[in-house]
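need the 3D shape of this:
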Amino acid sequence: MQVFGLVGNPVGHSLSPPMHEAAYETRDIDARYVTFEPAADDLAAAVEGARALGVSGLNVTVPYKERVRDLVAVDDLAARIGAVNTVDFGGDEPTGHNTDAAGARRALEVQGDADLDGADAVVVGAGGAGRAVAHGLADGGAAVAIANRTEERAVDLAADVPSATGHGLDVLPGLLGDATVLVNATSVGMEADETPVPADALHGDLVVLDAVYAPLETRLLRDAATAGATTVDGAWMLLYQGAEAFELWTGRRAPVAAMDDALRTRLRDDR
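Below you'll find the model as predicted:
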């Protein structure tokens, strides 16, 4: 039996176990998905211990995505983003990857029918999720404008992303005028019915992805739907990053429908 898992702290409410175990069952793979919650000082030992015990792969979540980067060999994308959310133990040495970028891109392309090649995209947020999303959209061919509460962080991130520019939140209406893609990569909307984007800046030519998935229908997505935009909830990004990890580990196509059903069932049960 293969074992895969998740490393983070805390991980008790993670949605990854039911999503991945649904994939193993659908593809008839003898595997389990477990969680590990090491203290910060024990992270290196936990990763090495998982490898020694024959664990096939790990997902990594907060607060360890940046720290794990220094414990494994990383691919080009993870190096550019500066964070690892998936570790593969299948080769001669553990390798780190970042599937968040592809998760956002697939969510926009598949669920939002967005054409990223040549698109003008706006990413709100310059934190960890913002870094992954910005790189993912740029790799898909989009010109990316990054807007952040602290403009300096947006400018710094833009310097690392091809064809990107950095801005403060005050210029969002101007950035969105000609944009066709908008991604909220902040946590605004998770704890309160708030949005980082003025409603009157939204329009019907936008595809809007909100990385927040609890609640699924955020104020941003409600405002976007009212404006006639195409909306993509954050569970799709979570789903597709998990599907990317499954495919990396197993070499098999992810059963997206089964994973989505397990994910949304858990989200409904947790409400």
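
for the lengthiest helix in the chain, buried residues please.
If you go by DSSP state H, the chain has its longest helix at helix 234-250. Residues of helix 234-250 classed as buried by neighbour count (16 or more other C-beta atoms under 10 Å): 234-246, 248-250. (Glycine included, C-beta is placed from N, CA and C.)

and of those, the nearest to residue 157?
Set against residue 157, the nearest of the buried residues of helix 234-250 by C-beta to C-beta is residue 237 (18.4 Å).

hmm, residue 14 and residue 6 touching each other?
Yes - using C-beta atoms under 8 Å, residue 6 is in contact with residue 14, at 5.7 Å.

of these two, who's got more company?
residue 6 (21 against 17; other C-beta atoms under 10 Å).

quick check: that one vs residue 78, distance?
Between residue 6 and residue 78 the computed distance is 17 Å (C-beta to C-beta, to the nearest Å).

what's the distance between residue 166 and residue 198?
Residue 166 is 19 Å from residue 198, by C-beta to C-beta.

in terms of neighbours, single out the busier of those two.
residue 166 (21 against 12).

wait, that one touches residue 144, no?
No - at 9.7 Å, residue 166 does not count as touching residue 144 under the criterion of C-beta under 8 Å.

can you check which residues contact both of the two?
residue 158 (C-beta atoms under 8 Å, 6 or more residues apart in numbering).

how's the chain carved up into domains?
Here the domain parsing of the chain from automatic domain parsing is 2-98+236-270, 101-232.

give me whichever of those domains is most buried.
Highest mean neighbour count among those (mean count of other C-beta atoms under 10 Å): domain 101-232, with a mean of 20.
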